[in-house]
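Asker: Predicted structure and sequence below. I'll ask about it afterward.
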Amino acid sequence: MDKINAVITGVGGYVPNYILDNDEMSTIVDTSDEWIMERIGVKTRHVLKDDERNGAGTSYLMTKAVQELLQKTQVDPDSIEAVICATTTPDYLFPSTASLVIGNIGLKNAFGFDMEAACAGFLYAMEVGAGFISSGRCKRIIVCGGDYLTSITNYEDRTTCPIFGDGAGCVLMEGTTEEYGLIDRYLRTDSHYDPLHLEVSGSASRPTPEKLEQRKHLLYQEGRTVFKYAVTNMSDAVEIVAKRNNLTKDDIAWIIPHQANVRIETAVARRIGVPEDKVMINIDHFANTSGGTLPLCLWEYEKQLKKGDNLIFTAFGAGFTWGASYMKWAYDGSKFHQ
């Protein structure tokens, strides 16, 4: 039998209606547009407001993204066999966000589940999804990545609150016997709790009044530590995947990095010798949407992608989780952008 490779055959995305710019951010916390742009590179971020989400959370964002994907690709919803949702901010611990998305869309033949690997979640979820495709167990699945990060953002912490926004993206994955799709990956997980965590979020630490008053239910990050690890590990992962597949910097059409900080993206590009115009960047107007950053990059840049382009995805998240994936793009992205 011919080897089956998992390819992306369509992309969808969604960001909320409300845009929070740096001028408004400076009325919430002691900061300024100049400070944020110099240190983070974020000008605006999209925020999911209560009057839009109608009681839902990340499932709202992912549902919108999947609806767009299905409309663009015109595939039969009944042909979708699985939905994988990578998120750190599920609507609930249970039921899963995937089950909510499946119900919202009305997918009759799909099973689904959530994955949590922080900001590297979509990178990991693509690998899991590719496994279902390449094994022949599924013919058509959807992989989502997204977060409602403003729901866990501490707007009293000027060093972190300007970084985050809300959004979600998704991809359609199918099989091919041609030399396209997900070719290789290098994924790693370490154990570091202190630099980046959400203390009151699971079974180890219950939401007592004291902990809520101390804002332990909101995201905590040591920026300098995370920056150092992110640059080193993302760069190393890209170099390992490129070397393993005999890819020079001239062979790489695009680097698709997690959008954590514009200085991280540019540092990774410089370290591996890839020009910055080959690095997908949208942190300036979307901010860090965690699991949403990689698919939202694809969503925005899709029309620039050409069949046969060599893409390297890389991400870094809490845990720490990180890695890189090498994909040979399977279609001319302009076909969905007539």
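Answerer: Now that the structure is in, tell me what you want to look at. Just so it is clear, the structure is predicted and the values come from calculations on it, not from any experiment.
Asker: Just the helices from the chain, written as ranges.
Answerer: Ranges of helices within the chain are 22-28, 33-39, 50-53, 58-73, 97-105, 121-134, 209-213, 223-244, 262-272, 283-286, 293-301, based on DSSP state H.
Asker: For residue 333, find the nearest of those.
Answerer: Evaluated over the helices of the chain, closeness to residue 333 peaks at helix 293-301, with 7.7 Å, by CB to CB. Bear in mind the C-beta positions are built from the backbone N, C-alpha and C, glycine included.
Asker: list the buried ones in the closest one?
Answerer: 293-301 (16 or more other CB atoms under 10 Å).
Asker: Quick one: low-confidence residue ranges for the protein.
Answerer: 1, 338 (pLDDT under 70).
Asker: which of the helices of the chain is buried the deepest?
Answerer: Per residue and on average, the most neighbours among the helices of the chain fall to helix 293-301, with a mean of 26 (mean count of other CB atoms under 10 Å).
Asker: picking that back up, make JSON lines out of the helices of the chain and add distance to residue 143.
Answerer: What follows is the helices of the chain, written out as JSON lines (distance: least, CB to CB, whole Å):
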{"stretch": "helix 22-28", "distance to residue 143": "32"}
{"stretch": "helix 33-39", "distance to residue 143": "31"}
{"stretch": "helix 50-53", "distance to residue 143": "22"}
{"stretch": "helix 58-73", "distance to residue 143": "10"}
{"stretch": "helix 97-105", "distance to residue 143": "10"}
{"stretch": "helix 121-134", "distance to residue 143": "4"}
{"stretch": "helix 209-213", "distance to residue 143": "34"}
{"stretch": "helix 223-244", "distance to residue 143": "19"}
{"stretch": "helix 262-272", "distance to residue 143": "22"}
{"stretch": "helix 283-286", "distance to residue 143": "19"}
{"stretch": "helix 293-301", "distance to residue 143": "8"}
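Asker: Those helices: which one's closest to residue 155?
Answerer: Nearest to residue 155 among those is helix 22-28; the distance by CB to CB comes to 5.5 Å.
Asker: by contact count, what packs against the closest one?
Answerer: Applying 3 or more CB pairs under 8 Å, 6 or more residues apart in numbering; DSSP states H and E, we find helix 22-28 packed against helix 33-39.
Asker: what's next to the helix it packs on, contact-wise?
Answerer: Here helix 33-39 makes contact (CB atoms under 8 Å, 6 or more residues apart in numbering) with 21-23, 25-26, 42-43, 162, 261, 263.
Asker: Distance to residue 311 for these - can I get that in a markdown table?
Answerer: Listed next are the contacts of helix 33-39 as a markdown table, based on distance: CB to CB, whole Å:
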| residue | distance to residue 311 |
| --- | --- |
| 21 | 31 |
| 22 | 31 |
| 23 | 35 |
| 25 | 33 |
| 26 | 37 |
| 42 | 24 |
| 43 | 26 |
| 162 | 29 |
| 261 | 21 |
| 263 | 22 |
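Asker: and which of the residues you listed is nearest residue 313?
Answerer: Among those, and counting by CB to CB, the member closest to residue 313 is residue 261, at 17.3 Å.
Asker: thinking the closest one is in contact with residue 228, fair?
Answerer: No - Residue 261 lies out of contact with residue 228 (CB atoms under 8 Å); the separation is 11.6 Å.
Asker: can you tell me how far the closest residue to residue 206 other than its chain neighbours sits from residue 13?
Answerer: Nearest residue to residue 206 in three dimensions, chain neighbours excluded: residue 200, at 7.2 Å (CB to CB, 6 or more residues apart in numbering). Plainly put, residue 200 is 30 Å away from residue 13 if you go by CB to CB, to the nearest Å.
Asker: And for residue 205?
Answerer: Counting by CB to CB, the gap from residue 205 to residue 13 is 34 Å.
Asker: ok, these two, which is more surrounded?
Answerer: Set residue 205 next to residue 13 and count neighbours by other CB atoms under 10 Å: residue 13 wins out with 26 against 14.
Asker: what is the more buried one paired to in the beta sheet?
Answerer: residue 169 (DSSP bridges).
Asker: circling back: which two in the buried residues of helix 293-301 are spaced the farthest apart?
Answerer: Pairwise over these, using CB to CB, the maximum falls at 293 and 301, 12.3 Å.
Asker: Of the helices of the chain, which is nearest residue 308?
Answerer: When these are compared (using CB to CB), the closest one is helix 293-301, at 15.7 Å.
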